[in-house]
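Enquirer: prediction below, plus the sequence it came from.
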Amino acid sequence: MSSAPAPTSLPPAAPAGRVRLWLDLIRWDRPAGWLLLLWPTLAALWIAADGFPGWHLLGVFVAGTVLMRSAGCCVNDVLDRDFDRHVQRTARRPVTSGRIAVGEALLVGAVLALVAFLLVLTTNAPTILLSVPALAITLAYPLAKRLVSMPQAVLGVAFSFGIPMAFAGVQGGAAWSLAAVTDAVPPAAWALLAVNLFWVLAYDTEYAMVDRDDDLRIGMKTSAITLGRFDVVAVMGFYAVHLLGWAWLGRVAFGLGDVFLLGLGAAAAQAVWHWALIRHRDREGCFRAFRVNHALGATVFAGVALDLALR
C-alpha cells in the first residue's frame, strides 16, 4: 500500500463548505464514537439518580459528551496529522489532507471544549472539579500512542470519566474540595470506571486491528500490535471482564435485578457475534465489530434503565 501524498494548499472554501469541513473534522457523520462515551455515562447517571435523572442533567451530559468527543477529534487529528497521511483509512482527514489548517482545527476544538465547560458550570462543584482531569486525559491520549505500548488503556480512562462525573452531578453539593468529590462519587462508581475501561480495550483493539499493518510501518504503538497473535483472545477476555464486572457491581453494589441481567445476556450475545467478525482479522470484519459496539453499550444501558423503571 503506498503512502498518501503530502497535503497541498487548497483555496479557501465558501462558508457552507467550511461548515461541512468542520463537521467532517469532528466526525459528525460517524456518531459511533460519541455513542461509545454516552451509553456508560447514561447508565451511571440513571444508577446515581435511581432512575430518570431529570432533563437538565440529561441534556448537560448528552451535549457535553458530543462536544468533548468532537473537541478530542480536533486535537487528535492535529497531533496525528503526520502519521495519518500514511494510513489508508485516515489519509483524507481534513487536517491531514490540508483542507483545514492546524490553527483552525485547534480553534474549533477549543470552542467546543469551552461550550462543554460552560454546560458543566450549570451543575455543581464536584462535577466541575472532575471536568479538569477529564480534559487532561482527553488531551493526553494522542500522545500516549507514541509512548505507551497499550494506549487504549489511556483512552479507556478518558472514555469512562463520564461515570464518576455522572455520580458527582447527581449526588454532589456546592463544596469545592476533594472531600466533596469523594463524598459525591462512591467507590463503586470508580470500580465501574475500571470495568468500563475493559470494554474500551475490547472495541479499540478491534479498531487498532484494522490499521495494524500501517501502524507497524510508521512505528505507532497500539494494543493490536502489543498483543500480537493473542489479540482475538484478549479482546474476548476484555469483553468478559467488562460484562462480569458489570454483573457483580450491578447486583451487589447497585442492587439491580433480573431485567438488568437480561440486558447483560443480550450484550454477551453481541460480544460472541463480534468474535465471529474479528476471528479472521480481516479489516472489514474488525471495523464492523468496532462500529457496532455502541449497540452493546446501548443494550447494557437499556437493561439498567428498564430495571430501575420497573421496580
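Expert: Now that the structure is in, tell me what you want to look at.
Enquirer: where does the stretch 101-250 of the chain dip in pLDDT?
Expert: Along the stretch 101-250 of the chain, the model assigns pLDDT under 70 to no residue.
Enquirer: 90 instead?
Expert: 135, 137-156, 171-184, 211-222, 224 (pLDDT under 90).
Enquirer: what about the helices in it?
Expert: 102-120, 125-147, 152-160, 162-171, 178-184, 187-210, 212-218, 223-227, 231-248 (DSSP state H, counting those that start in this stretch).
Enquirer: return the first one as CSV; C-alpha atoms alone will do.
Expert: Once non-C-alpha atoms are left out, helix 102-120 reads as follows in CSV (Å, rounded to 0.1, in the frame of the first residue of the first chain):
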residue,chain,number,x,y,z
VAL,A,102,-3.7,23.3,12.2
GLY,A,103,-4.6,26.6,13.9
GLU,A,104,-8.2,26.4,12.6
ALA,A,105,-8.7,22.9,13.9
LEU,A,106,-7.3,23.8,17.3
LEU,A,107,-9.6,26.8,17.4
VAL,A,108,-12.7,24.7,16.6
GLY,A,109,-11.7,22.2,19.3
ALA,A,110,-11.1,25.0,21.9
VAL,A,111,-14.6,26.5,21.1
LEU,A,112,-16.2,23.1,21.5
ALA,A,113,-14.4,22.4,24.8
LEU,A,114,-15.4,25.8,26.1
VAL,A,115,-19.0,25.3,25.3
ALA,A,116,-18.8,21.9,27.1
PHE,A,117,-17.2,23.6,30.1
LEU,A,118,-20.0,26.2,30.2
LEU,A,119,-22.5,23.4,30.4
VAL,A,120,-20.6,21.8,33.3
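Enquirer: what helices or strands is it leaning on?
Expert: Counting by 3 or more CB pairs under 8 Å, 6 or more residues apart in numbering; DSSP states H and E, the packing neighbours recorded for helix 102-120 are helix 15-25, helix 55-79, helix 125-147. Quick note: C-beta positions are derived from backbone N, CA and C, even for glycine.
Enquirer: can you list those helices in TSV and add mean neighbour count and distance to residue 308?
Expert: Below are the helices and strands packed on helix 102-120 laid out as TSV (neighbours: other CB atoms under 10 Å; distance: least, CB to CB, whole Å):
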stretch	mean neighbour count	distance to residue 308
helix 15-25	14	35
helix 55-79	20	14
helix 125-147	19	21
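Enquirer: would TSV of those with distance to residue 187 be doable?
Expert: TSV is the format used below for those (distance: least, CB to CB, whole Å):
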stretch	distance to residue 187
helix 15-25	38
helix 55-79	21
helix 125-147	15
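Enquirer: between the ones you listed, which gets nearest to residue 206?
Expert: helix 125-147 (16.2 Å; CB to CB).
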